[in-house]
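# sequence plus predicted model, see below.
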Amino acid sequence: MKFRNIVNQDDVKNNLICTADKDRLPNSYLLTGPEGSGKWVMALALAAYLNCRDAAGGDSCGVCPSCIQINKLQHQNLFIAIPTPPSKSDKEENENYWEILNGKIDEPYSLITGQRQMSIPVAAVRRMKKSLSQKVSSSGMRVIIIEQMDRMLTSSADALLKMIEEPPPRTLIIITSSRSEKLLQTVISRCREIHFSHLPEISIREYLAGKEDISEKSAAILARLSQGSLGKALYLSDPENTQDREVAKMLFKGFLLSDAAGLIAEASDLLPFKDRFRLNRVIASWQSLFRDVIVLKNGGSRDDVINIDFITEVERTAASIHITRDVLGLPEYLNTVMRDIDLNVETQTAIGALLTEIKKRLSRS
């Protein structure tokens with residue numbers, strides 16, 4: 001991975017390159033910001049730059065043995081911890097680990113998804129700590145990437161803390177998180193934080209249009225739906241994943257047409273309650289749809305609408321309600337529910353309460 005291949009985030013690139021060139025790297029970085037905005041690829045690009053044999057012009061060469069090994073995620077100076085589903089054995093855990101990493105090799109901006117609750121296991125952190133006793137190669141720097149540390153179990157985070165406080169020589173720890181509020185404050189305070197911004201719609205559209213299986217028209221719609229996340233756009237580009245958004249749109253119509261009991265019954269038949277990641281994608285779709293309704297009620301035009309392929313229903317909903325404090329608070333309320341689902345609440349109970357609350361707020365508008 002080369003810096004020049006990263007979509008936007010130029011301020012972050014320049015910051016990291018300048019700091020590395022001046023030999024002023026901290027012991028640890030914390031990369032925060034929206035999911036799918038480039039934190040993973042930036043961490044890999046920095047690892048490649050620090051270990052490249054022929055780095056020049058503020059970038060790695062991309063073709064030396066070191067760069068090739070890092071692109072395959074198999075360099076002796078590169079150690080990675082990622083969220084994986086619960087495993088029954090070390091063999092299963094290793095298979096899950098490489099299944100996810102191979103997906104990131106194929107498409108570095110892809111989101112890490114899974115039907116079961118994902119977390120970074122304690123065993124992975126222990127293996128990583130053990131690996132630190134190995135000698136760093138004669139050139140380069142050891143780089144430890146902890147992807148989505150907010151999904152790390154508390155016991156895992158505690159095991160990692162001493163490593164962050166006292167890393168071995170020539171070792172850089174890079175932590176990524178799209179929900180830094182879930183990290184231990186002791187971890188945050190020991191890292192140099194760099195924030196990533198949402199990506200411009202045009203940049204996402206151009207990236208998607210460069211793929212053989214995505215038309216320019218689809219790229220334009222997906223870029224608008226992505227809300228600044230290339231990872232989300234790629235997720236939605238997969239035909240297997242469009243079903244959840246169609247379900248979200250179908251149930252959205254019911255917010256005005258059905259009573260709470262009927263809506264809950266319909267949701268029970270349609271929603272993927274066993275897959276928390278997919279369930280949150282449905283709720284995120286509702287969040288963007290209500291955002292569009294609020295935009296139109298506040299005088300916005302069709303050009304300001306995210307869900308342009310569902311514009312008729314969005315306009316009908318906007319015409320049917322009044323904007324109250326309850327309605328304005330729906331996007332943030334939905335955000336809270338998504339966080340609760342990530343925290344392992346009982347999903348059907350949470351969705352039942354969510355649908356009832358939405359109906360209540362809309363009935364008061």
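Sure thing, it's come through. Keep in mind that what you see is a predicted model, and the values were worked out from it rather than measured.
# low-confidence ranges, the protein, go.
115-117, 137-138, 155, 365 (pLDDT under 70).
# what's the domain layout of it?
3-197, 200-237, 239-363 (automatic domain parsing).
# all strands for the stretch 1-150 of the chain, in order.
For the stretch 1-150 of the chain, the strands defined by DSSP state E, counting those that start in this stretch cover 28-32, 78-81, 142-146.
# would you convert these into CSV that also reports mean neighbour count and distance to S87?
The C-beta positions use only the backbone N, C-alpha and C, and glycine is treated the same way. CSV is the format used below for the strands of the stretch 1-150 of the chain (neighbours: other CB atoms under 10 Å; distance: least, CB to CB, whole Å):
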stretch, mean neighbour count, distance to S87
strand 28-32, 24, 27
strand 78-81, 22, 14
strand 142-146, 26, 18
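# N71 is nearest to which of those strands?
strand 78-81 (10.3 Å; CB to CB).
# apart from its chain neighbours, what residue comes closest to G254?
L263 (4.7 Å; CB to CB, 6 or more residues apart in numbering).
# neighbours of that neighbour, how many?
20 (other CB atoms under 10 Å).
# same question for F255.
Neighbour tally, F255, other CB under 10 Å: 22.
# do M141 as well
So M141, with other CB under 10 Å, has 18 neighbours.
# for it, give me its contacts.
Residues counted as contacts of M141 (CB atoms under 8 Å, 6 or more residues apart in numbering) are L25, L50, N51, N77, R170, T171, L172.
# re earlier: which one of the strands of the stretch 1-150 of the chain lies nearest to E206?
Closest to E206 of the strands of the stretch 1-150 of the chain, according to CB to CB: strand 28-32, at 23.2 Å.
# before we move on, back to that, right, and the residue nearest to G254 touches G352 too?
No. Here L263 lies out of contact with G352, judged by CB atoms under 8 Å, at a distance of 9.5 Å.
# re the thing from before, mind giving me TSV with the contacts of M141 and columns for distance to L289 and neighbour count?
Formatted as TSV, the contacts of M141 follow (distance: CB to CB, whole Å; neighbours: other CB atoms under 10 Å):
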residue	distance to L289	neighbour count
L25	43	16
L50	44	23
N51	45	25
N77	46	22
R170	50	15
T171	46	17
L172	42	21
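# which pair of those spans the longest distance?
Most distant of the contacts of M141, by CB to CB, are L25 and N77, 14.0 Å apart.
# quick check: longest strand in the protein by residues?
Longest strand in the chain by number of residues (criterion: DSSP state E): strand 171-177.
# that strand packs against which elements?
strand 28-32, helix 39-51, strand 142-146 (3 or more CB pairs under 8 Å, 6 or more residues apart in numbering; DSSP states H and E).
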